[in-house]
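**Q** Okay, sequence plus prediction incoming.
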Amino acid sequence: KGMYGLPQAGILANKQLVPHLKQHGYHQCQHTPGLFTHETRPVAFTLIVDDFGVKYVGSENAQHLRDILKLKYTITEDWEGNNFLGMQLDWDYGQRIVDISMPGYVAKTLQRFQHPTPTRPEHSPHAYIEPDYGAPVQYTAPEDTSTPLTPIEIKTLMKIIGTLLYYARAIDSTMLVALGTLAAAQTQGTQATAEACTKLLNYAVTHPDAKVRFKASEMILHIHSDASYLSEAKARSRVGGYFFLGESDGSSNPPLNGAIHVVSQIMANVMASAAEAEVGGLFINAHTACPIRTTLIELGHPQPPTIILTENACAKGIADDTVKQKRSKAIDMRFYWVRDRIEQKQFTILWKKGSENLADYFTKHHPASHHQRVRSRYLQQDHEANTASDSDNNPWIVVEHKRKRKVEHQNMQQHDESHCEGVLRNEDSTQVNHIHFPQLTHLIPPFSSSTHKRAEHLASPCSQARLTYRPLPASNDQSEALASSS
């Protein structure tokens, strides 16, 4: 047993435990520290500090490990396997799924840093700068000249980033882009950095208890790779990767599964083109995949060449050597490591359009509407704070809606010349100007002075809420129309 607080406690405990396990046939895997298997029994377990996560076939094999440990240690047992490393595991063996969450973690974080509840929901973890469509040149964001933070404020910022980073890596990967941007600026933080951190905390308040769902599969690794060119400060690019387990049919469209790992990082190199950024993304994701492939093989799941999907045909051609290079010879020579591993049959690069690439989400700063639309692709939302059942704790009304790909503009023509305004009220009769639709592409903002613009906004071709509006006389400026869900 280790002595907590002693720097050498970990290594001393390990030197006692490993020989004890070895005497009874348990050996640590050669390439994955902390992963143990038995010589003959179908048992494998991970050891992290003093927590054992055991995978076994047959209870007698698990009991053998338990009895071996009891010879030397006092242990506690959880045969349901509901908690591990602070995560809650909800098993459903009938449907062959498991939901992983960390209930209460965000609430404790907000309490620790004394963050107040925002007056309105925040559905984007970071700010979004809308492109200037039609402009010949897209300029970068102006340089941050706001007041620098004090050393105490910078230390608090670092604590917030570190606390949320564990939660984001384990459960809510939608925070990773915002955390990466904050981490890059934390040592020279300014008031703008503090505002970005506050926005992230508001997002955590709105979505406090995320869940990741994993489905039973053949344990074959699949990867989606993407990169955004010059999307970060100082001409940096960002790479994203989505790693999940699926079937071995070699399809480029396997069933979606929860992410076992997500890459969202700013590339250290300054890329010269979008294609070079995509090749760099393939390099980083393939390099990250190598130890994951090795661990899966040591767990008894042989891996065929891992399929990596990219949305850039030029990057695919450079990686698998199917295009003739001319002006791309300046690409960093490290990236050609991918081509060598493809020749070794470790990876296969396939092209897939960007709208179906799951890694695209982790490479850019998206608007709030996009976050709302795609959040359910990455996380389970059964117990989100914005559900109607949580109305006691959440003042925002949720309105059921029906998705429509196309909305005919004449549906709203009858309202073009009418003076109408949509208003929803809480149970306490207070007015709500912003209405949250769980999968709608935008929040309905406060209406502008133009009736025609209001009608166009409500008739968005992306989605249409199932709301009916009762027009009022144009002369009564103070009147309100009642909105009801149909």
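**A** Nice, I can see it.

**Q** for the stretch 51-200 of the chain, what spans make up the strands?
**A** 51-56, 83-84, 87-92, 97-101 (DSSP state E, counting those that start in this stretch).

**Q** what stretches of the stretch 151-300 of the chain score poorly on pLDDT?
**A** For the stretch 151-300 of the chain, applying pLDDT under 70 flags the ranges 250-252.

**Q** who's in contact with residue 97?
**A** 213-216 (CB atoms under 8 Å, 6 or more residues apart in numbering). Using the backbone N, CA and C atoms, a C-beta is placed for each residue, glycine as well.

**Q** And those, which is closest to residue 378?
**A** Of all these, residue 378 sits closest to residue 213, with 10.0 Å by CB to CB.

**Q** After whichever strand or helix holds that closest one, which helix or strand is next?
**A** Using DSSP states H and E, residue 213 sits within strand 211-215. Per DSSP H and E, strand 211-215 leads on to strand 220-232 as the next helix or strand towards the C-terminus.

**Q** Give the other helices and strands that that following strand contacts.
**A** In this structure, strand 220-232 packs against strand 236-246, helix 274-298, strand 306-310, with contacts taken as 3 or more CB pairs under 8 Å, 6 or more residues apart in numbering; DSSP states H and E.

**Q** Tabulate those (TSV), appending distance to residue 133 and mean neighbour count.
**A** Output for those, formatted as TSV (distance: least, CB to CB, whole Å; neighbours: other CB atoms under 10 Å):
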stretch	distance to residue 133	mean neighbour count
strand 236-246	21	23
helix 274-298	18	21
strand 306-310	26	24
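
**Q** and residue 193, which of the ones you listed is closest to it?
**A** Short answer: strand 236-246, nearest of the helices and strands packed on strand 220-232 by CB to CB, at 16.6 Å.

**Q** Tell me who's in contact with residue 310.
**A** 225-226, 278, 281-282, 316, 319, 349-352, 357.

**Q** Run a quick neighbour tally on residue 17.
**A** 20 (other CB atoms under 10 Å).

**Q** does it belong to a helix or a strand, and which?
**A** helix 9-22.

**Q** How far off centre is stretch 363-383?
**A** In terms of CA atoms, centre = their mean, to the nearest Å, the centre of stretch 363-383 is found 8 Å from the chain centre.

**Q** swap that for stretch 118-130, please
**A** Stretch 118-130 sits 16 Å away from the centroid of its parent chain (CA atoms, centre = their mean).

**Q** what do you get for stretch 272-285?
**A** Counting by CA atoms, centre = their mean, stretch 272-285 comes out at 21 Å from the chain centroid.

**Q** same thing with stretch 348-365?
**A** Taking CA atoms, centre = their mean, one finds the center of stretch 348-365 at 14 Å from the center of the full chain.

**Q** buried ones in it?
**A** 349, 352, 357-365 (16 or more other CB atoms under 10 Å).

**Q** In those, find the pair that's most separated.
**A** With CB to CB as the measure, no two of the buried residues of stretch 348-365 lie farther apart than 349 and 365, at 26.8 Å.

**Q** Geometric centre of the protein: which residue is closest?
**A** What sits nearest the mean C-alpha location of the chain, by CA atoms, centre = their mean, is residue 173, with 2.2 Å.

**Q** Report the separation between it and residue 334.
**A** 26 Å (CB to CB, to the nearest Å).

**Q** Check which helix or strand the residue nearest to residue 118 when sequence neighbours are not counted maps to.
**A** Once flanking residues are discounted, residue 118 sits nearest to residue 202: 4.5 Å by CB to CB, 6 or more residues apart in numbering. Assigned by DSSP H and E, residue 202 falls within helix 191-206.

**Q** what's that helix packed up against?
**A** Applying 3+ CB pairs under 8 Å, 6+ apart, one finds that helix 191-206 contacts helix 105-112, helix 151-170, helix 176-185.

**Q** how about the ones you listed, which one is nearest residue 380?
**A** Shortest separation from residue 380 across those is recorded for helix 151-170, at 14.3 Å, computed as CB to CB.

**Q** Send me that closest one as PDB with only the CA atoms.
**A** The C-alpha trace of helix 151-170 is given here as PDB (Å, rounded to 0.1, in the frame of the first residue of the first chain):
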ATOM      1  CA  PRO A 151      -1.100  37.000 -12.000                       C
ATOM      2  CA  ILE A 152      -3.800  35.900  -9.700                       C
ATOM      3  CA  GLU A 153      -6.400  36.000 -12.500                       C
ATOM      4  CA  ILE A 154      -4.100  34.100 -14.800                       C
ATOM      5  CA  LYS A 155      -3.700  31.400 -12.200                       C
ATOM      6  CA  THR A 156      -7.400  31.100 -11.800                       C
ATOM      7  CA  LEU A 157      -7.800  30.900 -15.600                       C
ATOM      8  CA  MET A 158      -5.300  28.000 -15.700                       C
ATOM      9  CA  LYS A 159      -7.200  26.200 -12.900                       C
ATOM     10  CA  ILE A 160     -10.500  26.500 -14.900                       C
ATOM     11  CA  ILE A 161      -8.900  25.300 -18.100                       C
ATOM     12  CA  GLY A 162      -7.300  22.300 -16.300                       C
ATOM     13  CA  THR A 163     -10.500  21.400 -14.500                       C
ATOM     14  CA  LEU A 164     -12.700  21.500 -17.600                       C
ATOM     15  CA  LEU A 165     -10.000  19.800 -19.800                       C
ATOM     16  CA  TYR A 166     -10.300  16.500 -17.900                       C
ATOM     17  CA  TYR A 167     -14.100  16.600 -18.300                       C
ATOM     18  CA  ALA A 168     -13.800  17.500 -22.000                       C
ATOM     19  CA  ARG A 169     -11.400  14.700 -22.800                       C
ATOM     20  CA  ALA A 170     -13.400  12.100 -20.800                       C
END
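
**Q** If anything else comes up later, I'll come back, but that's it for now.
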